[in-house]
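J.: Structure for the following, please:
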Amino acid sequence: MEKMANSQDSSVIYDEVSRCILYFSNGDKKIVVNQQPNSLLAVNFVSYPIEDQNFIERVFQNYNPSFNVKEVSKACGYNSVKTFTRHFKKSFHTTPKQWMLSIKKDKMLV
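T.: Take a look at the predicted model:
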């Protein structure tokens, strides 16, 4: 059964999902399977600008939930938190701190 969010929100929640198949433009395919009975499989899709792809990939590769903004900044190769934050806001349309809090919140809800 599918539940749609309001028109202001692009989020969609699907319940009773057992697997999700993702097809990529290069022909690759990834299958995500819910292997735990009586558990929720949650998938969140977010669109980011293609011109910021390298920065966004670095953030996701170096993000660690136990890090603070300064540590994520350093892990991504930035010595200046201010410069990192400026690039982050341009790509993610939010501050690094708010983004990190939102990820933690989403994990708590699942």
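
J.: Would you map the helices across this protein?
T.: 53-62, 69-75, 81-92, 96-109 (DSSP state H).

J.: Tabulate these (JSON lines), appending distance to Asn38 and mean pLDDT.
T.: No exception for glycine: its C-beta is placed from N, CA and C like everyone else's. Rendered in JSON lines, the data for these read as follows (distance: least, CB to CB, whole Å; pLDDT from 0 to 100):
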{"stretch": "helix 53-62", "distance to Asn38": "29", "mean pLDDT": "89"}
{"stretch": "helix 69-75", "distance to Asn38": "34", "mean pLDDT": "94"}
{"stretch": "helix 81-92", "distance to Asn38": "34", "mean pLDDT": "93"}
{"stretch": "helix 96-109", "distance to Asn38": "17", "mean pLDDT": "82"}
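
J.: For Asn34, grab the count of nearby residues.
T.: Neighbourhood size, Asn34 [other CB atoms under 10 Å]: 14.

J.: mind pulling up the phi and psi values for it?
T.: phi -80, psi 110 (degrees, to the nearest 10).

J.: My read is that it contacts Arg19, right?
T.: Yes - judged on CB atoms under 8 Å, Asn34 makes contact with Arg19 at a distance of 6.6 Å.

J.: shared neighbours of those two, which are they?
T.: Taking CB atoms under 8 Å, 6 or more residues apart in numbering as the contact rule, Asn34 and Arg19 both touch Leu41.

J.: Can you give me every residue that contacts Glu57?
T.: With CB under 8 Å, 6+ apart, Glu57 has no contacts at all.

J.: rerun at 10 Å
T.: Contact analysis of Glu57 by CB atoms under 10 Å, 6 or more residues apart in numbering lists Tyr48, Cys76.

J.: how much space is there between it and Lys74?
T.: 17 Å (CB to CB, to the nearest Å).

J.: And for Gln61?
T.: Gln61 is 14 Å from Lys74, by CB to CB.

J.: distance between stretch 51-68 and the chain's centre?
T.: 10 Å (CA atoms, centre = their mean, to the nearest Å).

J.: er, stretch 99-110 I mean
T.: 10 Å.

J.: list the buried ones in it?
T.: When neighbours are counted by 16 or more other CB atoms under 10 Å, the buried residues of stretch 99-110 are found to be Trp99, Met100.
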